[in-house]
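> Here is my input; please provide its structure:
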Amino acid sequence: MDITGRLLNIAATVLIYLLSVQFLNYFSLKKLGRFPGAADYPFVSVLVPARNEERNIEKCIQSLLAQDYPDYELLVLDDESEDQTWPLLSRLAEGKADFHLLKGKPLPEGWVGKCWACHQLAEKARGEYLLFVDADTVHQPSMLRSVIDAAHYYRADLISGLPQEKVETLSELLTVPLITWGIFAALPLPLAFAHPSPVLSITIGQLLLFKREAYDRIGGHQAVKDHVCEDMALGRLMKARGFRWRLVDAGAVTGCRMYTGLRDAVNGLSKTIYGALNFRIGVVFLFSLLLGLMFCLPPWVLLKSLAVPLPRALVRQAVTTTALAFLSWAIAGLRFRMPLSTAIHYPLISVLAIFIFLRSAYQTVTGKAHWKGRLLARRKLSW
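Residues are numbered from 1 along each chain as shown. As a prediction, this is how the structure comes out:
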């Protein structure tokens, strides 16, 4: 068997494993809104860091003010925005006693902007639980109640919720589904929930509920102040300190449109991907290689067979592997309410993902990574 056939065999084997993980996760990833009601509902601080969010902030804040939860406060911090975020927030805060609007202090050296904003919010919060949400999220009135229900059900110190990631343009279709597919296929949740290893965790910063006591004991955002992917770092730290973490599907109560254009999406993912992989260049290369083997090589072999006669056995291998890949993306799309066309575009999504992985590592190592007008900290090359 030639090298192409061996590579296709490897790709098919990995895909079968990933499909088994997806099958487990399909039933293990519980949906918010389906947990039993809590016996009591503690006081919660909802915390929103915002920088240059004039496009999103009004819908986010209005949805948070409309929560049907009995006892909560809303704190929003404007992190030195350069657009109309502050005027919009000032208007929204008028006459609302439980809406506290904060003006962010200048960014200290050694801090990532979002970590600094979240740290300032946590210092002012009074809740027994702290719920951090991103400014580009929109929530159903039942969101806060349902996430507390999940925390009580799991007796969790940290609940991380995956919103419905909205996709409205081709640019978003070619970038955003990588996140949901990766979360769904990469980590078997039953193992991650049972095993104490910090590596076995996925934490989504768009919806992040901490028990205040646990948050303080790990040092809060100050403990990860220079980490561009602070959500993943906080989740790993929680598990390392023996606290209980759970991931839930928040799609029924929270939606998010992360990006609106290709440049925005590539820059946003480039900012975080390397950090999500714990700044390990070897992991970047491994994941890039696997994406190429599973999702780029089989379609390429099929296209080549249309122009050049290839052995039938090789073509059959490519057909089988392509079908497995399509099934994997279709299942993830169905579970997370992505367009069906996601499963058709997966080779293009994968090519772009490889580019983003390598770009993220390059920009971070060379100190060229930036986001929302701020240059991010340079990281040393680490395998």
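> So the residue at the greatest distance from the centre of the chain, which state does it fall into?
Taking Cα atoms, centre = their mean, the residue of the chain most remote from its mean C-alpha position is residue 309, at 43.1 Å. When classified by DSSP: H, G, I helix; E, B strand; the rest coil, residue 309 comes out as coil.
> how about it, phi and psi?
phi -60, psi 130 (degrees, to the nearest 10).
> Tell me how far it lies from residue 299.
18 Å (Cβ to Cβ, to the nearest Å). The way it works is simple: take the backbone N, C-alpha and C, and place the C-beta from them, glycine included.
> likewise residue 95?
Residue 95 sits 58 Å away from residue 299, going by Cβ to Cβ.
> okay, these two: which has more neighbours?
For residue 95 and residue 299, the more surrounded residue by other Cβ atoms under 10 Å is residue 299, and the numbers stand at 18 against 6.
> center of the chain - which residue?
With distances taken as Cα atoms, centre = their mean, the residue of the chain nearest its centroid is residue 204 (4.2 Å).
> I'd say that residue and residue 165 touch.
No: judged on Cβ atoms under 8 Å, residue 204 makes no contact with residue 165 at a distance of 9.9 Å.
> Helices along the stretch 51-200 of the chain, start to end?
Along the stretch 51-200 of the chain, counting by DSSP state H, counting those that start in this stretch, helices occupy 57-65, 85-93, 113-124, 143-154, 170-173, 177-186, 189-194.
> and the second one, what other elements does it pack with?
Which is helix 85-93. Applying 3 or more Cβ pairs under 8 Å, 6 or more residues apart in numbering; DSSP states H and E, we find helix 85-93 packed against helix 57-65, strand 72-78, strand 99-103.
> In that helix, which residues are buried?
85-86, 88-89, 92-93 (16 or more other Cβ atoms under 10 Å).
> how close does residue 236 get to residue 216?
Distance check for residue 236 against residue 216: by Cβ to Cβ, it reads 17 Å.
> neighbour count winner among the two?
More crowded of residue 236 and residue 216, by other Cβ under 10 Å: residue 236, with 21 against 12.
> who's in contact with the more buried one?
198-199, 201, 203, 278 (Cβ atoms under 8 Å, 6 or more residues apart in numbering).
> In three-state terms, label the residue nearest to the centre of the chain for me.
Taking three-state DSSP, the label given to residue 204 is coil.
> list the contacts for it?
With Cβ under 8 Å, 6+ apart, residue 204 has these contacts: 160-163, 183, 231, 247.
> Ok, residue 117 next?
Shown in contact with residue 117 (Cβ under 8 Å, 6+ apart): 49-51, 77, 79, 104.
> again, 7 Å this time
Residue 117 is in contact with 49, 77, 79, 104, counting by Cβ atoms under 7 Å, 6 or more residues apart in numbering.
> ok, how many other residues are close to the first one?
The local packing count at residue 49 equals 27, with neighbours defined by other Cβ under 10 Å.
> Which strand residues bridge it?
residue 77 (DSSP bridges).
> Retrieve the pLDDT associated with it.
You'll see residue 49 listed with a pLDDT of 98.
> Now that it has come up, it's in contact with residue 78, right?
No: using Cβ atoms under 7 Å, residue 49 makes no contact with residue 78, being 8.8 Å away.
> residue ranges with poor pLDDT in the protein?
Scanning the chain for pLDDT under 70 picks out 1.
> what ranges do the strands span in the chain?
44-50, 72-78, 99-103, 129-133, 137-139, 158-162, 164-165, 207-211, 245-249, 254-256, 370-371, 374-375 (DSSP state E).
> Looking at the ones you listed, which is nearest to residue 331?
strand 245-249 (14.0 Å; Cβ to Cβ).
> just to revisit the earlier point, list just the nearest of the contacts of residue 117 to residue 336.
Nearest to residue 336 among those, with distances taken as Cβ to Cβ, is residue 49, at 24.9 Å.
> For that closest one, give its distance to residue 83.
The gap separating residue 49 from residue 83 is 15 Å, by Cβ to Cβ.
> Same question for residue 252.
31 Å.
> And for residue 278?
33 Å.
> What's opposite residue 161 in the beta bridge?
residue 248.
> pretty sure it is in contact with residue 250, am I right?
Yes: between residue 161 and residue 250 a contact is recorded at 3.1 Å, counting by Cβ under 7 Å.
> between the two, what contacts are shared?
Contacts common to residue 161 and residue 250, judged by Cβ under 7 Å, 6+ apart, are 32, 207.
> any chance of the strands of the chain in TSV, with distance to residue 282 too?
Shown next, in TSV, are these (distance: least, Cβ to Cβ, whole Å):
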stretch	distance to residue 282
strand 44-50	32
strand 72-78	37
strand 99-103	41
strand 129-133	31
strand 137-139	33
strand 158-162	26
strand 164-165	28
strand 207-211	28
strand 245-249	25
strand 254-256	31
strand 370-371	25
strand 374-375	26
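> Out of those strands, the one nearest residue 113 is which?
Closest among the strands of the chain, using Cβ to Cβ: strand 374-375, at 5.4 Å.
> Give me the residues contacting that closest one.
residue 113.
> Could you tell me how far it lies from the centre of the chain?
21 Å (Cα atoms, centre = their mean, to the nearest Å).
> what do you get for stretch 196-213?
11 Å.
> I'd like to know how many residues surround the nearest residue to residue 66 once chain neighbours are set aside.
Closest residue to residue 66 apart from its sequence neighbours, by Cβ to Cβ, 6 or more residues apart in numbering: residue 141 at 5.2 Å. Residue 141: 15 surrounding residues under other Cβ under 10 Å.
> any idea how far residue 141 is from residue 76?
On the measure of Cβ to Cβ, residue 141 and residue 76 end up 18 Å apart.
> One more: residue 267?
24 Å.
> out of those two, which sits in the busier spot?
residue 76 (25 against 19).
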